[in-house]
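Asker: Kindly generate the corresponding structure for this input.
(one chain, ligands or ions: 1)
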Amino acid sequence: MAKVNENYLKLPGSYLFSEIGKRAAKFQKENPDAKIIRLGIGDVTRPLPQVCIDAMKRAADEMGKVETFRGYGPEQGYGFLREKIADFNYARRGLKVSPEEIFISDGSKCDCGNIQEIFALDSKIAIGDPVYPVYLDSNVMAGRTGDLQSDGHFAGVTYLPCTAENHFSPQPPAEKVDIIYLCSPNNPTGTVLGKDALKAWVAYAKANDAVILFDAAYAAYITEPDVPRSIYEIDGARDVAIEFRSFSKTAGFTGTRCGYIVIPEGLTGTTSTGERVPFKNLWARRHTTKFNGTSYITQRGAEAIYSDEGQAQIKALVNYYLENARIIRESLSAAGLKTFGGVNAPYIWLKTPDDMPSSWDFFDKLLRTKHIIGTPGAGFGPCGEGYLRLTSFNSRENTIEACERLKTFS
Ligand SMILES: *Cc1c(COP(=O)(O)O)cnc(C)c1O
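Answerer: Down below sits the predicted model:
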């Protein structure tokens, strides 16, 4: 008899986006003339940079000739891409990351979900609340947690509350954990972790022999000079941290698929007999066993952003969304609403008004009175209650129109 992995049954259904879709469809049906503007989109909408298109066309042509055709590539990723990443994102910022420490993938979601496989099943995990759901769900599937409790938390997980009171900066816990997921700039709050906050986490990880999994998918959106773009800007982080990056939000690759992780040579964990083993070796084994590489065409497309022209094009792309974020932030403030984020991220975290604390009630009000859709914060974790996530991924035109409607918010 084939038995199921019952860990999967611990997960609640993916209620958030289906419920949003249902409520929006019902409203549209009852109000066929309403022009609904979606500020809940978690996906980019602008086309790929021209340098990427040109590079991918050239790569496709190479695949069409016997002299330049390529089959399986190196599982870790082509050297041409890993070298450019090490140069542009690390060496040029004074950080030491070698191409051998970089593993190319078909996106960060898989990396964030798969990384837990190289840790012992009895490892204790800590995650932010609210947070990108992949970190938690992948650990639930693996059996690293207990059941979902009535307070919305899974048993056996250390939740790190991120609220306005602590400036959305999770504090190291009193207890000992083994794996810490940090996301900065953060999805959904749009806020960042400063140098001091990251220093405290690196110190905690060193003291507790823990590993930090640092998701920097939105690093390209950081505009403030003092905000770390990489965990490796913190002294000692190479001994305790793995970093995740993606071309999705940086270069519009959500549908094209390319990301990577950095695992420093010296980052080790212990075996049950006390021997130290490099995590990089375990990930290399996993990656070469379960993954056969990102397509050559995609890797050439990704490589193209690492040129003067490419850098200018992705900067323009990111600035388009950041300008939308600025417009949303300023309009909401002018309407008397309290917002966070949106300066170093494409997300704005909107506090629900005092007389309407429920994020679903506020969602309904925005839909009914302004025909605008956000994402209720409660969907990202219990501490997300009392907030709504707005994104800057819609067009400039729709963003401006939505903000016009919000000006008269009462
Ligand atoms: C979008 C996103 C990613 C990147 O996902 P891809 O699989 O690379 O498209 C990773 N982490 C967070 C927090 C994200 O929002």
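Asker: Neighbours of residue 41, how many?
Answerer: Using other CB atoms under 10 Å, residue 41 is surrounded by 15 other residues. The way it works is simple: take the backbone N, C-alpha and C, and place the C-beta from them, glycine included.
Asker: and it, which of the three is it?
Answerer: Three-state assignment for residue 41 (DSSP: H, G, I helix; E, B strand; the rest coil): coil.
Asker: Wait, it touches residue 392, no?
Answerer: No - between residue 41 and residue 392 there is no contact under CB atoms under 8 Å: 9.2 Å.
Asker: How about the most centrally placed residue in the chain: what's its closest non-neighbour residue?
Answerer: The residue lying closest to the centre of the chain (CA atoms, centre = their mean) is residue 217, at 4.7 Å. With CB to CB, 6 or more residues apart in numbering as the criterion, residue 217 has its nearest non-adjacent residue at 4.6 Å, and that residue is residue 246.
Asker: Okay, the one you found and residue 260: tell me how far apart.
Answerer: According to CB to CB, to the nearest Å, residue 246 stands 8 Å off from residue 260.
Asker: do residue 205 as well
Answerer: Residue 205 is 21 Å from residue 260, by CB to CB.
Asker: quick one, what contacts the residue nearest to the centre of the chain?
Answerer: 108, 183, 187, 244, 245, 246, 248, 249, 259 (CB atoms under 8 Å, 6 or more residues apart in numbering).
Asker: Could you tell me the phi and psi values at the last one?
Answerer: Here is the backbone geometry of residue 259 (degrees, to the nearest 10): phi -150, psi -180.
Asker: And the average pLDDT for the helix or strand hosting residue 17 is what?
Answerer: Per DSSP states H and E, residue 17 falls inside helix 15-30. Averaging pLDDT along helix 15-30 gives 92.
Asker: buried stuff in it?
Answerer: 16, 20, 23, 24, 27 (16 or more other CB atoms under 10 Å).
Asker: Including distance to the ligand, could those go into a markdown table?
Answerer: A markdown table is the format used below for the buried residues of helix 15-30 (distance: CB to the nearest ligand atom, whole Å):
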| residue | distance to the ligand |
| --- | --- |
| 16 | 14 |
| 20 | 17 |
| 23 | 23 |
| 24 | 21 |
| 27 | 27 |
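Asker: How confident was the prediction at the nearest residue to residue 41 once chain neighbours are set aside?
Answerer: Nearest residue to residue 41 in three dimensions, chain neighbours excluded: residue 393, at 4.5 Å (CB to CB, 6+ apart). Listed pLDDT for residue 393 reads 97.
Asker: Tell me if residue 393 really is in a helix.
Answerer: No - if the criterion is three-state DSSP, then residue 393 is coil and not within a helix.
Asker: ok, it - contacts?
Answerer: By CB under 8 Å, 6+ apart, the contact list for residue 393 reads 41, 42, 43, 44, 45, 321, 324, 346.
Asker: likewise residue 36?
Answerer: 24, 27, 28, 367, 371, 372, 373.
Asker: Nearest to the ligand, out of the residues you listed: which one, please.
Answerer: The closest of the contacts of residue 36 to the ligand turns out to be residue 373 (CB to the nearest ligand atom; 18.2 Å).
Asker: I'd like to know how many residues surround the closest one.
Answerer: For residue 373, using other CB under 10 Å, the count is 23.
Asker: now do residue 346
Answerer: The burial count for residue 346: 27, using other CB under 10 Å.
Asker: TSV please, covering the contacts of residue 217 and showing neighbour count, pLDDT and distance to residue 398.
Answerer: Formatted as TSV, the contacts of residue 217 follow (neighbours: other CB atoms under 10 Å; pLDDT from 0 to 100; distance: CB to CB, whole Å):
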residue	neighbour count	pLDDT	distance to residue 398
108	24	97	27
183	26	98	27
187	23	97	21
244	24	98	30
245	26	98	29
246	26	98	25
248	21	98	21
249	26	97	19
259	24	98	28
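Asker: From those residues, which land in strands?
Answerer: Applying DSSP state E to these, the entries found in strands are 183, 244, 245, 246, 259.
Asker: and those residues near the ligand, which?
Answerer: Residues of those in contact with the ligand (CB under 6 Å from any ligand atom): 183, 246, 259.
Asker: buried set for stretch 190-199?
Answerer: For stretch 190-199, by 16+ other CB under 10 Å, it's 190, 191, 192, 193, 194, 197, 198, 199.
Asker: of all those, which two lie farthest apart?
Answerer: 190 and 199 (22.1 Å; CB to CB).
Asker: Spit out the contact partners of residue 259.
Answerer: Taking CB under 8 Å, 6+ apart, one finds 104-111, 217, 244-248 in contact with residue 259.
Asker: Give the rounded mean pLDDT of the biggest helix by length in the chain.
Answerer: Looking across the chain with DSSP state H, the single longest helix is helix 308-334. The average pLDDT for helix 308-334 rounds to 97.
Asker: May I see the domains of this protein written out as residue ranges?
Answerer: If you go by automatic domain parsing, the domain ranges for the chain are 13-42+309-407, 53-306.
Asker: What segments of the stretch 51-200 of the chain are helices?
Answerer: Under the criterion DSSP state H, counting those that start in this stretch, helices of the stretch 51-200 of the chain are mapped to 79-85, 108-114, 134-142, 195-208.
Asker: related to what we said a few turns ago, tell me the bridge partners for the residue nearest to residue 217.
Answerer: residue 259 (DSSP bridges).
Asker: Distance-wise, check it relative to residue 218.
Answerer: From residue 246 to residue 218 the distance is 9 Å (CB to CB).
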